[in-house]
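> The following block contains a protein sequence and its predicted model.
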Amino acid sequence: MTARYPVLQRPSGTALLEWVNELAPELLPVYNKDYPGRNVVVLGSFKGWYEMVKPYRERLRAAGFYPLAPQGEVITRYANGFEVLDTDTGKIATLSRRLGRAMTEREISVLLEALFITAIRIGDLTYVAGLPRDLDDGTYIGETVSGELGIAMVCGPVYGTEISPTLDDRDGYDGWVSHFAAHVAMIDVVTPEELGVQYATIRT
């Protein structure tokens, strides 16, 4: 088994999703048909998971939306700098078992990002929960989330909190600034409760 699924020194999301499709398709995000038109993905820096991302996800749930992702409750550990939620640990264990080997930290981080992007692509809308930098010393929308935001812009409407149209200069994102600012300018700033009223008539 391990010969067929060798350790990927430079793992790609495409390759790992192929493995998931072959070995554990139940790990893929599934559109919730009980919430037609209201399957949402919440974007945000997981540095602000407890302060911003999770609370906004719960507000969206209360407003009548189904959060496709993220679905966890607590951050249990980190893999290659990527936050691993409690719901992710079972996915990692399942795929590792079926691969016949332990996944590397790099594979885990790429897999979780690939699953998250899959949720964005099948969802109806995206909500960006941006934590202002002055609240938590650098907890901002960074490079990873800005890339996810670009995908979300293509896939459907994007709503969210008010976000600064700049990236943190300390991380050297100079080349991203104008691109990111353009994306931020396109976000429709609205609260989860206001969005719930806007989407309340969607039933089919």
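All right, it came through fine. Residues are numbered from 1 along each chain as shown.
> show me the contacts for the nearest residue to residue 40 once chain neighbours are set aside.
Closest residue to residue 40 apart from its sequence neighbours, by Cβ to Cβ, 6 or more residues apart in numbering: residue 65 at 4.5 Å. The C-beta positions use only the backbone N, C-alpha and C, and glycine is treated the same way. By Cβ atoms under 8 Å, 6 or more residues apart in numbering, the contact set of residue 65 is 35, 38, 39, 40, 192, 195, 196, 199.
> Type out the ChimeraX command that picks the buried ones from the residues you listed.
Applying 16 or more other Cβ atoms under 10 Å to the contacts of residue 65 leaves a buried subset, and the ChimeraX line that selects it is:
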select :35,38,39,40,192,195,196,199
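> which stretches of this protein form strands?
Ranges of strands in the chain, per DSSP state E, are 39-43, 66-69, 75-79, 82-85, 125-128, 158-160, 188-189.
> will you turn these into JSON lines that also has distance to residue 14?
Below are the strands of the chain laid out as JSON lines (distance: least, Cβ to Cβ, whole Å):
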{"stretch": "strand 39-43", "distance to residue 14": "20"}
{"stretch": "strand 66-69", "distance to residue 14": "18"}
{"stretch": "strand 75-79", "distance to residue 14": "19"}
{"stretch": "strand 82-85", "distance to residue 14": "18"}
{"stretch": "strand 125-128", "distance to residue 14": "21"}
{"stretch": "strand 158-160", "distance to residue 14": "24"}
{"stretch": "strand 188-189", "distance to residue 14": "31"}
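> measure residue 143 to residue 197 for me?
For residue 143, the distance to residue 197 (Cβ to Cβ, to the nearest Å) stands at 34 Å.
> Compare the two and say which one has the larger neighbour count.
Neighbour tally, residue 143 and residue 197, criterion other Cβ atoms under 10 Å: the higher count belongs to residue 143, 15 against 12.
> Count the residues that sit near the nearest residue to residue 75 once chain neighbours are set aside.
Among residues not flanking residue 75 along the chain, residue 83 sits closest, at 4.8 Å (Cβ to Cβ, 6+ apart). Neighbour count for residue 83, taken as other Cβ under 10 Å: 19.
> ok, residue 83 - contacts?
Each residue near residue 83 by Cβ under 8 Å, 6+ apart is listed here: 46, 49, 75.
> ditto for residue 41
67, 68, 69, 116, 119, 120, 123, 125, 126, 127, 152.
> Show me what it is bridged to.
residue 69, residue 126 (DSSP bridges).
> didn't residue 17 look like it was pressed against residue 121?
No. In this structure, residue 17 is not within contact of residue 121 by Cβ atoms under 8 Å, at 11.1 Å.
> Of the two, which one has the most company?
Neighbour count, other Cβ under 10 Å: between residue 17 and residue 121, residue 17 has more, with 18 against 14.
> how about the spatially closest residue to that one that is not a sequence neighbour, what does it touch?
Distances taken as Cβ to Cβ, 6+ apart place residue 114 nearest to residue 17, at 5.2 Å, with adjacent residues excluded. Counting by Cβ under 8 Å, 6+ apart, residue 114 touches 13, 14, 16, 17.
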